[in-house]
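K.L.:
3D model of this:
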Amino acid sequence: MKLFEIAAMIRGKPYGRSDRAIRHILPPDEAQGPDLTFLFDQRTKTHSSMVISSRPVKDKSGIVVPDPRRAMFELLRRLSARVRLPSVSKLSVVDPSVRIPRSCTIEPYAVIGENVRIGRGTYLGAHCVIGAHAVIGDHCDIHAAAVICGSVLIGDHVIINAHSVIGKQGFGYYRSKGNRSRYRRMEHIGKVVINDFVEIGSGVTIDRGTIGATVIGRGTKIDNLVHIAHNVKIGQNCMIMGQCGIAGSSSLGDNVVLCGQTGVSDHVTIGSNAVVLAKSAVFKSIPGQKRYSGIPAREHTAVLRALARLYDQGT
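P.N.:
Modelled structure (predicted):
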């Protein structure tokens, strides 16, 4: 592919030798010679001879765009687009009660239970298991070995990556009294509701409600290795980063960000537009519009002041 062809894809303005062929697209520190790279900061050094940036770079050929990050988004989306041929593998197991639209792709060894509803253009990867009475909307991607348990409701344009489990039994027990007290499992009969445009990473577990539903709001993105317990309510356009854990019956507003390894206790509310920084622990409800950190989580500015006083005393 040549530089001017990339420029047409991202609606940028080429300069220099626009007919040059591109070898690879690489980060600035790895790119060499005929590789193409993105410069989000004009001060970034690179040995690439072709760059995408917000203004021309001396002694290089390139493409000028108003926003290099948006240009990266557009280019990677265009280059990674795949066309799947609709088909249902003969090696899949589909209950006779299920009607699969002709536009769907079902890979080998997928198992689809009774009365499952699958929308148009949906893809089910190899070894997926879809439990009875689950509903999957239009144009969803359910990747290899994902498990969608019975009665889970999934909206349109949802992505669930490999080895995630949606709708399993929650971690709830009744402890009997007396000399022979023991933990006895509390059966969970609720649902999981995943709204449109949600993306769920690999190795994610989302428990069904004990009664009622666990709900993931429209447009929310969940990273790998996250656990969401029973009856949690997550608002729209939230970002839940890797290794977070959210305990039962907690609630997140819209646009909440939980950075990596954040823990949220049960029955806690986090207000809209809050940001909880990495390795924090939220033990009680916190209002929105603010940044939090620490164990227990407090306003980040207060944590920074406390640390400054601590280090001042240490010196």
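K.L.:
From residue 293, how far out is residue 301?
P.N.:
Counting by CB to CB, to the nearest Å, the separation of residue 301 from residue 293 is 10 Å. To be clear about C-beta, it is placed using only N, CA and C from the backbone, and glycine gets the same treatment.
K.L.:
One more: residue 26?
P.N.:
In terms of CB to CB, residue 26 sits 34 Å off from residue 293.
K.L.:
Residue 301 and residue 293: who's more crowded?
P.N.:
Ranked by neighbour count (other CB atoms under 10 Å), residue 301 and residue 293 place residue 293 first, with 22 against 12.
K.L.:
Give me the phi and psi angles of the more buried one.
P.N.:
phi -160, psi 170 (degrees, to the nearest 10).
K.L.:
residues near the closest residue to it other than its chain neighbours, how many?
P.N.:
Distances taken as CB to CB, 6 or more residues apart in numbering place residue 277 nearest to residue 293, at 4.0 Å, with adjacent residues excluded. Counted by other CB under 10 Å, the residues lying close to residue 277 total 17.
K.L.:
Contact partners for residue 277?
P.N.:
259, 262, 291, 292, 293, 300 (CB atoms under 8 Å, 6 or more residues apart in numbering).
K.L.:
again, but for residue 262
P.N.:
When contacts are counted by CB under 8 Å, 6+ apart, residue 262 touches 241, 244, 245, 276, 277, 278, 279, 280, 281, 282.
K.L.:
which residues sit in contact with the second one?
P.N.:
For residue 244, the contact set (CB under 8 Å, 6+ apart) comprises 223, 226, 227, 258, 260, 261, 262, 263, 264.
K.L.:
Now a ChimeraX select for only the buried ones of those residues.
P.N.:
For the buried members of the contacts of residue 244, the matching ChimeraX selection, counting by 16 or more other CB atoms under 10 Å, is:
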select :223,226,227,258,260,262,263,264
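K.L.:
Tell me the one of the contacts of residue 244 nearest residue 9?
P.N.:
Residue 9 has its nearest neighbour among these in residue 223, at 28.2 Å by CB to CB.
K.L.:
Phi, psi for that closest one please.
P.N.:
Dihedral pair for residue 223: phi -80, psi 180, per degrees, to the nearest 10.
K.L.:
cool, residue 62 as well?
P.N.:
Torsion angles, degrees, to the nearest 10, at residue 62: phi -180, psi -170.
K.L.:
how close does residue 294 sit to residue 75?
P.N.:
To residue 75, residue 294 is 39 Å away according to CB to CB.
K.L.:
swap in residue 267?
P.N.:
Distance, residue 267 to residue 75, by CB to CB: 45 Å.
K.L.:
Between those two, which has more neighbouring residues?
P.N.:
Neighbours were counted for residue 267 and for residue 75 using other CB under 10 Å; residue 75 has more, 20 against 12.
K.L.:
Just say helix, strand or coil for the closest residue to residue 9 other than its chain neighbours.
P.N.:
Spatially, and ignoring its direct neighbours in sequence, residue 9 is nearest to residue 78 (5.3 Å; CB to CB, 6+ apart). Secondary structure state of residue 78, per DSSP: H, G, I helix; E, B strand; the rest coil, is helix.
K.L.:
Give the burial count for residue 78, as a bare number.
P.N.:
Neighbours of residue 78 (other CB under 10 Å): 11.
K.L.:
can you offset everything so residue one is 7?
P.N.:
Okay, residue one is now 7; in that scheme the one you just asked about reads as residue 84.
K.L.:
is it true that it touches residue 12?
P.N.:
No: with contact defined as CB atoms under 8 Å, residue 84 does not count as touching residue 12 (9.4 Å).
K.L.:
In terms of helices and strands, where is the residue of the chain positioned farthest from its centre?
P.N.:
When distances are taken from the C-alpha mean of the chain, residue 185 lies farthest, 46.3 Å away, according to CA atoms, centre = their mean. Here residue 185 is covered by no helix or strand, with elements defined by DSSP states H and E.
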